[in-house]
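Trainee: what's the 3D shape of this:
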Amino acid sequence: MSRASRRWIMACLGALPMSLQAQSMDMQDMPGMAMPMPQGGAAPSHANQQTPSQHDDRQHGSHDMANMDEAKVLPANGHMAPPPPQYVLHDMSPSQMNAMMQMDDNESIGMLLVDRLERSRSTSGDYATNWEAEGWYGNPINRLWLKTEGERGSDGTQDARIEALWSHAWTSFWDGQLGVRQDFGQGPNRTWLAMGVEGLAPYWFETQATFYVGEQGRTALRVETSYDLRFTQKLILTPKLEVNLYGKDDPQRGISSGLSEVEAGLRLRYEVSRKFAPYIGVDWARRFGDIQSEPGLPPVQARETTWVAGVRLWF
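Mentor: Numbers count the residues shown, from 1 in each chain. Okay, the predicted model is just below:
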């Protein structure tokens, strides 16, 4: 082998360690190719150094993984469940639980509705003030009802009644009622025991049917039904029908036995609010039987039409 050949081989062998060292440095600088540091050894100065591009890539990668984890946890509607309670409630009685949650369905409340407070004028030219009101106090099952209805003209109160009833809900839409009724006005006062039902008939007809037993074997039956026909949320037409039947004649109060009186009415009200609604309307009354009024009492009209205007109040 010549001297020049030996020199070329020696130069190649001397450059081999340097190329291996450079290759190892390039492999360590590549992302994910850093070799684990031996125990007890000092980390090289370039091991923890990162270029800006390497730092951003790793940061974006961590964010992508976090978003993927969050997408797996969240439901389809994106709703996050609330955190668990911070502490466990102690044992409580039903009354204590109702007081804390304010969800007592048996709490006693009250309501007062003045359904009719109106001024009327009949076709005979008579003016009168009419009223009809009812109120109750109690819970959804048991209630105490007070009801009153009447008419007052230029000669004073002509015909009026007041009732006190205990009511018990025996179905979802019907209440049974038991109590007393007092009639007053022109003529002698009459006292009755009352028993009936009140509720919603099919197609949302508000219905009352009450049977009465009075002094001297007197009996009576009163049936009333009404319906709210809504043209808009505020404009409402209410037709109403009332039928009264009696077991005996009572000429001192202008009452005949059997089918004594039928009243029908229409009232169109505008609810300024649920608690205040003015209205206008008309009533038709038909009285049956051959009853002559007692001396000093207004004559009984067999047929009568009355125009009314008033207000409906709710408290």
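Trainee: could you say what helices and strands the strand or helix carrying Trp307 packs with?
Mentor: Trp307 is part of strand 303-314 when elements are defined by DSSP states H and E. Counting contacts by 3 or more C-beta pairs under 8 Å, 6 or more residues apart in numbering; DSSP states H and E, strand 303-314 packs against strand 109-122, strand 258-270, strand 276-287. Yep, even glycine has a C-beta here, placed from its N, CA and C like the rest.
Trainee: Sheet-wise, list the partners of it with their directions.
Mentor: Using DSSP bridges, strand 303-314 pairs in its sheet with strand 109-122 (antiparallel), strand 276-287 (antiparallel).
Trainee: Just the CA atoms of the longest one, as CSV, please.
Mentor: What follows is the C-alpha trace of strand 109-122 in CSV, where atoms were taken according to Å, rounded to 0.1, in the frame of the first residue of the first chain:
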residue,chain,number,x,y,z
ILE,A,109,-105.0,30.7,51.3
GLY,A,110,-108.0,32.8,50.4
MET,A,111,-109.7,34.4,47.4
LEU,A,112,-112.5,37.0,46.8
LEU,A,113,-114.2,37.4,43.5
VAL,A,114,-116.9,40.1,42.8
ASP,A,115,-118.2,38.6,39.7
ARG,A,116,-121.0,41.2,39.2
LEU,A,117,-121.1,44.7,40.5
GLU,A,118,-123.4,46.5,38.0
ARG,A,119,-126.1,49.0,37.3
SER,A,120,-129.1,47.8,35.4
ARG,A,121,-132.1,49.2,33.6
SER,A,122,-135.1,47.1,32.7
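Trainee: Can you give the contact residues for that strand?
Mentor: Contacts to strand 109-122, defined as C-beta atoms under 8 Å, 6 or more residues apart in numbering, come from residues 127-139, 151, 267, 279, 281, 283, 301, 304-315.
Trainee: Kindly tell me how buried Met100 is, as a neighbour count.
Mentor: 10 (other C-beta atoms under 10 Å).
Trainee: what about it, which SS state?
Mentor: The three-state assignment at Met100 reads helix, by DSSP: H, G, I helix; E, B strand; the rest coil.
Trainee: Distance check, it against Met92.
Mentor: Note on Met100: its distance to Met92, by C-beta to C-beta, to the nearest Å, is 7 Å.
Trainee: ok, Thr129 touching Gly150?
Mentor: No: using C-beta atoms under 8 Å, Thr129 is not in contact with Gly150; the gap is 9.1 Å.
Trainee: So if I had to pick from the two, which one is more boxed in?
Mentor: More neighbours surround Gly150 than the other of Thr129 and Gly150, with 19 against 14 (other C-beta under 10 Å).
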